[in-house]
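Chemist: curious how this folds, go ahead:
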Amino acid sequence: MNQHTVDPAIVEAARLARRVVAFSGAGMSAESGIPTFRDAQTGLWEKFEPEQLASPDGWRRDSGLVWAWYQWRTGLVRRVQPNDGHRALAAWGQQVPMKIITQNVDDLHERAGSEVTAHLHGSLFAPRCSGCGAAYPSDGGLDVEPTGPVPPPKCASCGGEVRPGAVWFGESLPLEAWQGAENAIDECDLMIVVGTSGVVYPAAALPLQAIESGVTVLEINPQTTDLSPHVHHSWRTTAAIGLPALVAAIGEYW
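Modeler: Predicted coordinates for the structure are as follows:
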């Protein structure tokens, strides 16, 4: 089976599905041109380790440096567009109940027209107070790379510094997002795992949990992953190629 041709068994599983969960990872965003964390570490940022820019300790040491990095990264993400994979999931979700669980901190699913059930690793576009946790409106980040630290804004409620909304190294996943993801899996009969390597835990445990619950799991990834031996169907293609082909194949049944 090549990356453009859908296995009839996959078409049948998708056609029969009544409640779908799509679980997306970094590979899906990469097809839109979003640089990985390390790929974005150029210029001012190349001398820093990820833990210095994305950890509670890094924030305590230099909140202005961390805020500047995330404002720059948010601006980079804002300037890219959803790809055909994002749009295919949005179209599919118009036909059957679909819940999206994502490890990505961008808003590309939403911009394609989908509602996201769980941002497991937070969102670049949902900053919050580092003290009281109050939400703070995103300004969309920076268009020009900063030349140094940028002071974080202050929370209107408590005066604390506003922090990025992404989950940092060493932090727990948001409880509400995790519970939303588990509930979605409990209710679905098909799970599409797309663009994730299956090595980042605890998120990587969700497809295995679905399999144990009797849910049919389809992996869409150009590379073999740690999940590949366990899923029901594994298709060596990318999100932007495979998802539109799959949606087109099942579209005649709608």
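Chemist: secondary structure class for residue 23?
Modeler: With DSSP: H, G, I helix; E, B strand; the rest coil as the basis, the three-state label of residue 23 is strand.
Chemist: any idea how far residue 188 is from it?
Modeler: 10 Å (CB to CB, to the nearest Å). The C-beta positions use only the backbone N, C-alpha and C, and glycine is treated the same way.
Chemist: so the two - more neighbours on which side?
Modeler: residue 23 (30 against 23; other CB atoms under 10 Å).
Chemist: got a pLDDT number for the more buried one?
Modeler: At residue 23, the model reports a pLDDT of 98.
Chemist: tell me which element residue 15 is part of?
Modeler: helix 8-16 (DSSP states H and E).
Chemist: which other helices and strands does that helix contact?
Modeler: When contacts are defined as 3 or more CB pairs under 8 Å, 6 or more residues apart in numbering; DSSP states H and E, helix 8-16 packs onto strand 216-220, strand 233-235, helix 239-251.
Chemist: now with 6 Å?
Modeler: helix 239-251 (3 or more CB pairs under 6 Å, 6 or more residues apart in numbering; DSSP states H and E).
Chemist: which neighbouring elements make contact with the helix it packs on?
Modeler: Using 3+ CB pairs under 6 Å, 6+ apart, helix 239-251 sits against helix 8-16, helix 84-93.
Chemist: highest mean neighbour count out of these?
Modeler: Ranked by mean neighbour count, these are led by helix 84-93 with a mean of 23 (mean count of other CB atoms under 10 Å).
Chemist: check which residues of stretch 98-117 are buried.
Modeler: 98-112, 114, 116-117 (16 or more other CB atoms under 10 Å).
Chemist: what does it contact?
Modeler: 20-25, 29, 32, 77, 82, 86-87, 89-90, 93, 118-125, 166, 180-181, 184, 203 (CB atoms under 6 Å, 6 or more residues apart in numbering).
Chemist: same check, this time on stretch 190-204
Modeler: 17, 20-25, 27-28, 103, 120, 207, 210, 215-220, 225-227, 239.
Chemist: can you do 7 Å?
Modeler: 13-14, 17, 20-28, 85, 103, 120, 173, 185, 207, 210, 215-221, 225-227, 231, 239, 243 (CB atoms under 7 Å, 6 or more residues apart in numbering).
Chemist: filter the residues you listed down to the buried ones, PyMOL style.
Modeler: Typed into PyMOL, the line below selects the buried ones among the contacts of stretch 190-204, using 16+ other CB under 10 Å:
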select buried, resi 13+14+17+20+21+22+23+24+25+26+27+28+85+103+120+173+185+207+210+215+216+217+218+219+220+221+225+227+231+239+243
